[in-house]
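A.B. asks: need a 3D model of the following:
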Amino acid sequence: MSKKTFDSVWDALENTAGEAANLRARADLMVAVRELVESKGWTQAEAARRCGVTQPRINDLLRGRISKFSLDALVNMAAAVGLRVALHVKAA
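C.D. replies: Numbers count the residues shown, from 1 in each chain. Down below sits the predicted model:
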């Protein structure tokens, strides 16, 4: 029995490199927004207002429910709270 190894957990979870990259980017954005919310001491209601979403949506983000967020939605939320989102592309 041989074991398959992966470069990252994202590669293990997804079928293609593109899907893994998308999942990785969404996770990074969720962490960045969550850390900002926590560092500012915002309530979920305040974070929702600042992000332009509902409080249940912030609850999903804070609980790490990654499947509920598109990359586009997370970029919009990050920008709304003053985070600058940059994309870095490099050879695999």
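A.B. asks: run through the protein and note the low-pLDDT ranges.
C.D. replies: For the chain, the stretches with pLDDT under 70 are 1-2, 4-15.
A.B. asks: what about the helices in it?
C.D. replies: Shown for the chain, the helices assigned by DSSP state H span residues 9-13, 17-40, 44-51, 55-62, 71-80.
A.B. asks: nearest to Leu87, out of those helices?
C.D. replies: Comparison of the helices of the chain against Leu87 by C-beta to C-beta identifies helix 17-40 as nearest, at 8.2 Å. Using the backbone N, CA and C atoms, a C-beta is placed for each residue, glycine as well.
A.B. asks: how far away is the closest residue to Asp60 other than its chain neighbours from Ile58?
C.D. replies: The shortest distance from Asp60 to any non-neighbouring residue, by C-beta to C-beta, 6 or more residues apart in numbering, is to Lys68 (4.8 Å). Separation of Lys68 from Ile58 (C-beta to C-beta, to the nearest Å) stands at 11 Å.
A.B. asks: adding distance to Ala86 and mean neighbour count, write the helices of the chain out as JSON lines.
C.D. replies: Converted to JSON lines, the helices of the chain look like this (distance: least, C-beta to C-beta, whole Å; neighbours: other C-beta atoms under 10 Å):
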{"stretch": "helix 9-13", "distance to Ala86": "19", "mean neighbour count": "14"}
{"stretch": "helix 17-40", "distance to Ala86": "11", "mean neighbour count": "16"}
{"stretch": "helix 44-51", "distance to Ala86": "19", "mean neighbour count": "18"}
{"stretch": "helix 55-62", "distance to Ala86": "20", "mean neighbour count": "17"}
{"stretch": "helix 71-80", "distance to Ala86": "11", "mean neighbour count": "16"}
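A.B. asks: could I get those as TSV with distance to Lys3?
C.D. replies: Output for the helices of the chain, formatted as TSV (distance: least, C-beta to C-beta, whole Å):
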stretch	distance to Lys3
helix 9-13	11
helix 17-40	19
helix 44-51	41
helix 55-62	34
helix 71-80	31
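A.B. asks: looking at the ones you listed, spot the one closest to His88.
C.D. replies: helix 17-40 (10.4 Å).
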